[in-house]
Each structure stands twice: as C-alpha cells, then as structure tokens.
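Enquirer: need coordinates for the following:
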Amino acid sequence: MRLPRTAAILVLLALWAALAAWQYHEYRHEADTARATLRRQADAVQNALVGGIRSHRRLGPFFEEQILRVLEDPSERARLAKAGRARVLSHHTWPSAMHRLDHSIERCISAFEVKEKSRVLREGHVTS
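Expert: Numbering: from 1, shown residues only. Model (predicted):
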C-alpha cells in the first residue's frame, strides 16, 4: 500500500515541477515582451524629443543663417536695436512696473472683497 501512495506523491511532485517550469517560462516570455515594448516606446519618445530639439527655431542652420544675416546687415542690426529699445522702454520702466503692480493689488483687493461679502452672507450677519 505504501508504494502506490509514494508513486502518487512522486507523480504529483513531477506535475507540480512541470507546472512551475512552464509558469516560469511564461513569466520570462511576458517579461521579455514587456521590456521590448518599453524599449521601443522609450526609443520613440527619445527620437521625438531629439527631433523636436533639432528642429527648434533657435538651433540648426536656420538660426545660424539668421544670426549671420543680422551680423552682416547694418540696417537689420539698427532695426532690431530700435525695436529692442522700444520694447525695454515700454515694458521695463518704473511707470509701467508700477501700473502692473497697481493692477495686481486692485485685483487682490477685489477678490478679497468678494470673498468677504460671500462669507458675511453665508454667516448671516454684518460687521461694521
């Protein structure tokens, strides 16, 4: 009686080992497939980023041509200098900075007043 029981246990162990080997093989296959997919996706993202950087307007031959054109053309240099000075004077002076600051402060005060009015209405009482 001992022999059939031992044989059955050995058969079950062999089946369990075969199942474990098959599962491990499938796991390795799925892991390799996932790695290959991830590698392809990473390569696609990298190529897109590198292509975007290479085609940026400030890189490559277009930018170099524009810089050389400005350096060689006195009238273009004068035009850009005049436009740059006008930009600085219109956007980076004390009056314009104070105007932007005043506008920001007014928006903050208005937002606070709206919040305070809604709080008072919610609470149902008015404070003087």
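Enquirer: where in the protein is pLDDT low?
Expert: 1, 56-61, 125-128 (pLDDT under 70).
Enquirer: list the contacts of A17.
Expert: A17 sits next to no residue when contact means C-beta atoms under 8 Å, 6 or more residues apart in numbering. For glycine as for every other residue, the C-beta is placed from the backbone atoms N, C-alpha and C.
Enquirer: where does it sit: helix, strand or coil?
Expert: Of the three states, A17 takes helix under DSSP: H, G, I helix; E, B strand; the rest coil.
Enquirer: which helix or strand contains the most centrally placed residue in the chain?
Expert: For the chain, the residue sitting closest to the mean C-alpha position, by C-alpha atoms, centre = their mean, is L49 at 11.9 Å. Assessed by DSSP states H and E, L49 sits inside helix 2-54.
Enquirer: got the domain ranges for the chain?
Expert: Structural domains annotated on the chain: 1-55, 58-91, 93-128, as defined by automatic domain parsing.
Enquirer: what is the one helix or strand F63 maps to packed up against?
Expert: Here F63, judged by DSSP H and E, is contained in helix 60-72. Identification of packing neighbours for helix 60-72 by 3 or more C-beta pairs under 8 Å, 6 or more residues apart in numbering; DSSP states H and E yields helix 74-91.
Enquirer: what angle do whatever helix or strand comes next after the helix it packs on and helix 74-91 make?
Expert: Toward the C-terminus, helix 74-91 is succeeded by helix 94-123 as the next helix or strand (DSSP H and E). For helix 94-123 against helix 74-91, the angle by axes from the mean of the first three to the mean of the last three C-alpha atoms, to 10 degrees is 40 degrees.
Enquirer: list the buried residues of helix 94-123.
Expert: Across helix 94-123, burial judged by 16 or more other C-beta atoms under 10 Å covers no residue at all.
Enquirer: picking up where we left off before, who touches the helix holding F63?
Expert: Counting by C-beta under 8 Å, 6+ apart, R54, R57, E76, R77, L80 sit against helix 60-72.
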